[in-house]
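Asker: Sequence first, predicted model second:
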Amino acid sequence: MTTRISDIDFGYDQARHLLMRAGFGGTPDQIRTLADWGAEKAVEYLLEYDEVPDHDKPLPNTFDRNIMRPLSDDERRMLSNAQSRRDEDALASLRLRRQQAQRSDRRQMREMQKWWLARMISTPRPLQEKMALFWHGHFATSYRTIENSYHMYMQNQLFRQNALGSFAKLLSEIIRDPAMLAYLDNNDSRKGSPNENLARELMELFGLGEGNYSERDIKEGARALTGYSFNDDSFVFNAGNHDNGRKTILGRTGTLDGDGFVDAILRQRACAMFICRKLYSFFATEIDITARERDLPKEAARTIADMERAMRASKYQIKPAMRELLLSEHFYSDRVVREQIKSPIDLIVGSVRSLNTPVRDLSVLLDALDLMGQNIFFPPSVKGWDGGRTWINTSTLFVRQNILAYLLTGKMPQGYDALASSEQYDPMPLMDHLTVALKNAGSDPAAVTNYLLRFTLGSTTGQPESTIRAFLAEHQNHINRETVIGMLLLISARPEYQLC
């Protein structure tokens, strides 16, 4: 078993790291609050988010569920009559109505993207949203394929409601989720003609990982999922389309349905190990999910083993496994801290939350996310986002630097944001923990530099220090709004700022 971090060893740097990984960063005040609490209380506060009031909870009518509704009986009769009569005018009218609905739905999808991005920025429950983002990448489903914004919203709510709950429940719910059923074509899967897409991904990407099942398991699993479909916004089990025959999946035999298939997956030791490896790779440091246990770094393997034991003991609850990770000494070691490349979401949301910049225009932020390779609700494939080094190339690095300049100053690649003058950024509250003497006189540029670098980069040494010191010297070592923004611009342009 791994060693847990003690409150003595849990200070400012560890609290900063915890907020970065188990959320989207924190202000100096938030970091110091968690540091004063100690590891146990800080981690429990993040994990037990149900006790934190959720002022951003969406209302039932936040979005329109009827934009892409199925045809009514009257509309179906109208379509059938128009087709039989070859009434081109009536058919054109119905097509136009459909096209108008699709345009409205695409607009609603954009509003949903803004809503979720704003929620990640403002939520008092950062770990819940970080987990929702994790599940969105794990059970990756794209609007581009299903073209139903409300189904994407329903799935997003499913991830949020079960963020740290039962993985067993989540796996059972995902085979009934309209967005997933449409995305992997299971709504057309029927006895005698089963579609294997959902069965394959349920084992390969969602539940077990490569090498822990056979092609026969996929074929038998596909039979178990026949008849699993949806009507409008609701799951429907079409008994007439379901294969009731005997099946053998992962060593379990019987007249298995979707729940029997899920249960067969959950009985495999590979399932808990796979999910814990995915969690570790997302929250701690990137590993080869498919590697043999002896090929993993020793401390990573031990931590994952602790997570797996906790998950199994709690019958697939996610929270105990995450508690093991976030309280492990290893999570705060040099092998983990500042060893992860920030995702585009981590970069933008983390910068707004920690630096307390204006949000400015959510559309601009969404466009930047797309250019940087993380367009929420539009993952590139059922595998989700590869992450890691794939986030960084010459094109995305340019966008990353520009979007930080935009948040800090309102400056865009061409001109300024229209509200830049009225939404001026004031970074001085970040400096409140410096002494009054330092703030007023700026008499110790080294202390100012170290303080800001420790907060933004988690380190006070290296080239960024000399760059900031030189910048301050050019401005007579004055610490004011303009020079602090200038320092933040220099820091955010550094390669080190891309790490967390």
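Answerer: Noted; the coordinates are in hand.

Asker: Tell me where the stretch 1-150 of the chain has strands.
Answerer: With DSSP state E, counting those that start in this stretch as the definition, the stretch 1-150 of the chain shows no strands.

Asker: Sketch out the low-pLDDT regions of it for me.
Answerer: Where the stretch 1-150 of the chain drops to pLDDT under 70, the residues are 60.

Asker: I'd say R360 and M412 touch.
Answerer: No. If you go by Cβ atoms under 8 Å, R360 and M412 don't touch, sitting 9.8 Å apart. For every residue, glycine as well, the C-beta is placed using N, CA and C.

Asker: And those two? Which one has more around it.
Answerer: A direct count of neighbours by other Cβ atoms under 10 Å for R360 and M412 places R360 higher, at 20 against 17.

Asker: I'd assumed that one was in a helix, is it?
Answerer: No. Counting by DSSP: H, G, I helix; E, B strand; the rest coil, R360 is not part of a helix but coil.

Asker: give me every residue that touches it.
Answerer: By Cβ atoms under 8 Å, 6 or more residues apart in numbering, R360 lies in contact with Y406, L407, G410, D417, L419, A420, E423.

Asker: run the last query once more with 6 Å
Answerer: Going by Cβ atoms under 6 Å, 6 or more residues apart in numbering, R360 touches D417.

Asker: Also S229?
Answerer: Neighbours of S229 in contact, by Cβ under 6 Å, 6+ apart: N187, V236, N238.

Asker: For these, which entry has the maximal number of neighbours?
Answerer: Busiest of the contacts of S229 [other Cβ under 10 Å] is N187, holding 20 neighbours.

Asker: isn't that residue right next to L181, touching?
Answerer: Yes. If you go by Cβ atoms under 6 Å, N187 and L181 touch, sitting 4.9 Å apart.

Asker: shared neighbours, those two?
Answerer: Counting by Cβ under 6 Å, 6+ apart, nothing touches both N187 and L181.

Asker: What is the burial count for the residue lying closest to F235 once chain neighbours are set aside?
Answerer: Excluding the flanking residues, the one nearest F235 by Cβ to Cβ, 6 or more residues apart in numbering is R176, at 3.9 Å. If you count neighbours by other Cβ under 10 Å, R176 ends up with 18.

Asker: R176 touches D233, doesn't it?
Answerer: No. Shown here, R176 and D233 do not form a contact pair, counting by Cβ under 6 Å, at 11.7 Å.

Asker: Tell me which residues of the longest helix seen in the chain come out buried.
Answerer: When the chain is scanned for its longest helix (criterion: DSSP state H), the result is helix 88-122. Going by neighbour count (16 or more other Cβ atoms under 10 Å), the buried part of helix 88-122 is 94, 105, 108-110, 112-113, 115-121.

Asker: Okay, now the unreliable bits of the stretch 351-500 of the chain?
Answerer: If you take pLDDT under 70 as the line, the stretch 351-500 of the chain has these spans: 434-443.

Asker: which of the residues in stretch 4-19 are buried?
Answerer: For stretch 4-19, by 16+ other Cβ under 10 Å, it's R4, I5, F10, G11, Y12, Q14, A15, R16, H17, L18, L19.

Asker: Likewise for stretch 375-382?
Answerer: Going by 16+ other Cβ under 10 Å, stretch 375-382 has these buried residues: N375, I376, F377, F378, P379, V382.

Asker: swap in stretch 145-159?
Answerer: 146-156, 158-159.

Asker: Just the CA trace of that stretch, in CSV.
Answerer: Extracted in CSV, the C-alpha atoms of stretch 145-159 (Å, rounded to 0.1, in the frame of the first residue of the first chain):
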residue,chain,number,x,y,z
THR,A,145,-23.2,12.3,-35.3
ILE,A,146,-26.4,12.2,-33.4
GLU,A,147,-27.6,15.8,-34.2
ASN,A,148,-29.8,16.1,-31.1
SER,A,149,-28.7,18.7,-28.6
TYR,A,150,-31.1,17.7,-25.9
HIS,A,151,-29.9,14.2,-25.9
MET,A,152,-26.3,15.5,-25.5
TYR,A,153,-27.6,17.6,-22.6
MET,A,154,-29.3,14.5,-21.0
GLN,A,155,-26.1,12.6,-21.2
ASN,A,156,-24.1,15.5,-19.7
GLN,A,157,-26.5,15.5,-16.8
LEU,A,158,-26.1,11.8,-16.4
PHE,A,159,-22.4,12.2,-16.1
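
Asker: The stretch 351-500 of the chain: helices as residue ranges?
Answerer: 362-372, 394-409, 436-441, 445-457, 463-474, 481-492 (DSSP state H, counting those that start in this stretch).

Asker: other SSEs contacting the second one?
Answerer: On a contact count with 3 or more Cβ pairs under 6 Å, 6 or more residues apart in numbering; DSSP states H and E, helix 394-409 meets helix 362-372, helix 481-492.

Asker: Which of the ones you listed sits closest to I392?
Answerer: helix 362-372 (9.3 Å; Cβ to Cβ).

Asker: buried sites along that closest one?
Answerer: By 16+ other Cβ under 10 Å, the buried positions in helix 362-372 come out as L362, L365, L366, A368, L369, L371, M372.

Asker: got it, and stretch 17-33?
Answerer: For stretch 17-33, the neighbour count (16+ other Cβ under 10 Å) marks 17-28, 30-33 as buried.

Asker: Run through the stretch 151-300 of the chain and note the low-pLDDT ranges.
Answerer: Using pLDDT under 70, nothing in the stretch 151-300 of the chain is flagged.

Asker: distance of the nearest residue to F237 once chain neighbours are set aside from N238?
Answerer: Leaving aside its chain neighbours, F237 sits nearest to G227 (5.7 Å; criterion: Cβ to Cβ, 6+ apart). Per Cβ to Cβ, to the nearest Å, G227 is found 4 Å from N238.

Asker: Over to stretch 457-477 now: how far is its first residue from its last?
Answerer: Start-to-end span of stretch 457-477 (Cα to Cα, to the nearest Å) is 21 Å.

Asker: List the contacts of that stretch.
Answerer: With Cβ under 6 Å, 6+ apart, stretch 457-477 has contacts from R338, G442, P445, T449, N450, L453, R454, T483, M487, L490, R494, E496.

Asker: try 10 Å
Answerer: If you take Cβ atoms under 10 Å, 6 or more residues apart in numbering as the criterion, stretch 457-477 is touched by 12-13, 16-17, 20, 337-338, 441-446, 448-454, 456, 478-479, 482-483, 486-497, 499-500.

Asker: picking up where we left off before, mind putting the buried residues of stretch 375-382 into CSV with distance to A305?
Answerer: Formatted as CSV, these follow (distance: Cβ to Cβ, whole Å):
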residue, distance to A305
N375, 35
I376, 33
F377, 35
F378, 35
P379, 30
V382, 28
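
Asker: Narrow those to those in strands?
Answerer: The strands in this structure, assigned by DSSP state E, contain none of the buried residues of stretch 375-382.

Asker: any idea which of the residues you listed is closest to K247?
Answerer: V382 (23.5 Å).
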